[in-house]
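S.K.: need a structure here:
(chains A and B)
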Amino acid sequence: DARVTQTPRHKVTEMGQEVTMRCQPILGHNTVFWYRQTMMQGLELLAYFRNRAPLDDSGMPKDRFSAEMPDATLATLKIQPSEPRDSAVYFCASGLDTQETQYFGPGTRLLVL
Amino acid sequence: AQSVAQPEDQVNVAEGNPLTVKCTYSVSGNPYLFWYVQYPNRGLQFLLKYITGDNLVKGSYGFEAEFNKSQTSFHLKKPSALVSDSALYFCAVSSLARGSYIPTFGRGTSLIVHP
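M.R.: Have a look, this model is predicted:
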């Protein structure tokens, strides 16, 4: 049963530290999305890629966030430096294309103290 | 710009009764419409989608949704609710913009099914 995997599942860190979240999309999917979920803002689209190329990252704070796809099996989301307001659940999703069904990973729950 | 509205933060229904979770959207072109469900501490799971064709779409777990172009709505329905249907439901729309389809999710509706 193909699934999107995310690591780590939980992360507690201190303000100012670098945080790296990883995502392995479903094999054969060419589109990867990064979302952030909070109670206040709901589900926010941060960035997304097609065929490893970034299509849109306008939802992402550019000064501290960066998203990359080093290869077709790995997507990363980095926060440097982290701040308490970054505390949220970060989801990765993959799909066959941008208009197709998205398959979500289990999320990384981040707490920045 | 496209948008999705889920006007109810919470819907309460008794087990065995029909349920409806509302969704309206705004897009400039033809919409791709989706419903996803999120259980506690889990990622979102796909329920159903509308791309073209029959306005009534059937999906997982007995859910269905009706695409209404004139009312720009895509309400989620189920004839008989189960306690296990209690979860957070998200409506999403995607339309062509700048050469690709950019998804927009609603804020979610919490469905609570009472025994």
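S.K.: secondary structure class of the residue nearest to residue A:17 when sequence neighbours are not counted, three-state.
M.R.: In space, and not counting its chain neighbours, residue A:17 is closest to residue A:82: 5.5 Å by CB to CB, 6 or more residues apart in numbering or on different chains. Using the backbone N, CA and C atoms, a C-beta is placed for each residue, glycine as well. Under the three-state scheme (DSSP: H, G, I helix; E, B strand; the rest coil), residue A:82 adopts coil.
S.K.: thinking residue A:82 is in contact with residue A:19, fair?
M.R.: Yes. Using CB atoms under 8 Å, residue A:82 makes contact with residue A:19 at a distance of 5.0 Å.
S.K.: find residues that contact each of those two.
M.R.: A:13, A:110, A:112 (CB atoms under 8 Å, 6 or more residues apart in numbering or on different chains).
S.K.: quick check on the last one: phi, psi?
M.R.: This means residue A:112. phi -110, psi 120 (degrees, to the nearest 10).
S.K.: quick one: it and chain B, what's the gap?
M.R.: Counting by CB to the nearest CB, to the nearest Å, the gap from residue A:112 to chain B is 19 Å.
S.K.: likewise the second one?
M.R.: With distances taken as CB to the nearest CB, residue A:110 is found 14 Å from chain B.
S.K.: any idea how far residue B:34 is from that residue?
M.R.: 26 Å (CB to CB, to the nearest Å).
S.K.: who has more neighbours out of those two?
M.R.: The neighbour count for residue A:110 versus residue B:34, taken as other CB atoms under 10 Å in any protein chain shown, is higher for residue B:34 (29 against 21).
S.K.: show me the contacts for that one.
M.R.: Going by CB under 8 Å, 6+ apart, the list of residues near residue B:34 reads A:101, A:102, B:46, B:47, B:48, B:49, B:50, B:91, B:92, B:93, B:94, B:103.
S.K.: ok, now residue B:110?
M.R.: B:9, B:10, B:11, B:87, B:88, B:89.
S.K.: of those residues, closest to residue A:92?
M.R.: Set against residue A:92, the nearest of the contacts of residue B:110 by CB to CB is residue B:88 (18.4 Å).
S.K.: nearest spatial neighbour of that closest one, chain-adjacent residues omitted?
M.R.: In space, residue B:88 is closest to residue B:38, 4.4 Å off (CB to CB, 6+ apart).
S.K.: so which of residue A:82 and residue A:19 has more stuff around it?
M.R.: The residue with more neighbours, out of residue A:82 and residue A:19, is residue A:82; 23 against 20, by other CB under 10 Å.
S.K.: distance-wise, check that one relative to chain B.
M.R.: 22 Å.
S.K.: one step back: can you say which of the contacts of residue B:110 are buried?
M.R.: Among the contacts of residue B:110, the ones that count as buried by 16 or more other CB atoms under 10 Å in any protein chain shown are B:11, B:87, B:88, B:89.
S.K.: helix, strand or coil for the closest residue to residue A:60 other than its chain neighbours?
M.R.: Of all residues not flanking residue A:60 in the chain, residue A:46 sits nearest, at 4.5 Å (CB to CB, 6+ apart). Under three-state DSSP, residue A:46 falls in the strand class.
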